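The following block contains a protein sequence and its predicted model.
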Amino acid sequence: MDDNNEVFELLIKMYSEIQGIKSDFSVRMDKLESRFDDLGHKVDKTNIIIENDIKPRSKALFDGYKQNTEAINIFNNKIEALQNEISNLTIRTVKNENNIIHYSKSMEQNI
């Protein structure tokens, strides 16, 4: 009978230890679930910030970049047109200077 009592006491002790482990495991699982819930809330909050704040800002920056590029292209075209006009004026000025020199020489010869 002593063996049966020892086995029974050992079983009671094992049962008690298993219950303690089960309790610890439950507490740990509850903590993990709580942390996962917190993490889920943080992810949701981050997604909301991305959707409502970062994406619109990014789009606005892209639109600004696009407008700046278009403005730069317009200015480049205007500068190119002005350079062409300056080149034409330079050619006309040189031509007029040559005509003045030619007329001055003609007038000197006639005097």
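That came through, no problem. Numbering: from 1, shown residues only.

pull the helix or strand with minimum mean pLDDT from the protein.
When the helices and strands of the chain are compared on mean pLDDT, DSSP states H and E, helix 2-49 comes out lowest with a mean of 93.

Can you name the element that comes right after that helix?
Using DSSP states H and E, the helix or strand that follows helix 2-49 towards the C-terminus is helix 55-110.

what angle do that following helix and helix 2-49 make?
With axes from the mean of the first three to the mean of the last three Cα atoms, to 10 degrees applied, the angle from helix 55-110 to helix 2-49 works out at 30 degrees.

for stretch 84-96, which positions count as buried?
Of all the residues in stretch 84-96, not one is buried under the rule 16 or more other Cβ atoms under 10 Å. C-betas here are computed from N, CA, C, even on glycine.

Could you export it as PDB, CA atoms only?
Taking Å, rounded to 0.1, in the frame of the first residue of the first chain, the C-alpha atoms of stretch 84-96 are listed here in PDB:
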ATOM      1  CA  ASN A  84      17.900  82.800 -81.300                       C
ATOM      2  CA  GLU A  85      16.700  86.400 -81.300                       C
ATOM      3  CA  ILE A  86      20.100  87.600 -79.900                       C
ATOM      4  CA  SER A  87      21.900  85.700 -82.500                       C
ATOM      5  CA  ASN A  88      19.800  87.300 -85.200                       C
ATOM      6  CA  LEU A  89      20.300  90.700 -83.700                       C
ATOM      7  CA  THR A  90      24.100  90.100 -83.600                       C
ATOM      8  CA  ILE A  91      24.100  89.100 -87.200                       C
ATOM      9  CA  ARG A  92      22.100  92.200 -88.200                       C
ATOM     10  CA  THR A  93      24.400  94.400 -86.100                       C
ATOM     11  CA  VAL A  94      27.500  93.000 -87.800                       C
ATOM     12  CA  LYS A  95      25.800  93.500 -91.100                       C
ATOM     13  CA  ASN A  96      24.900  97.100 -90.300                       C
END
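
thinking again about what came up before, work out the gap between the least confident helix or strand of the chain and the centre of the chain.
Chain-centre distance of helix 2-49: 43 Å, with Cα atoms, centre = their mean, to the nearest Å.
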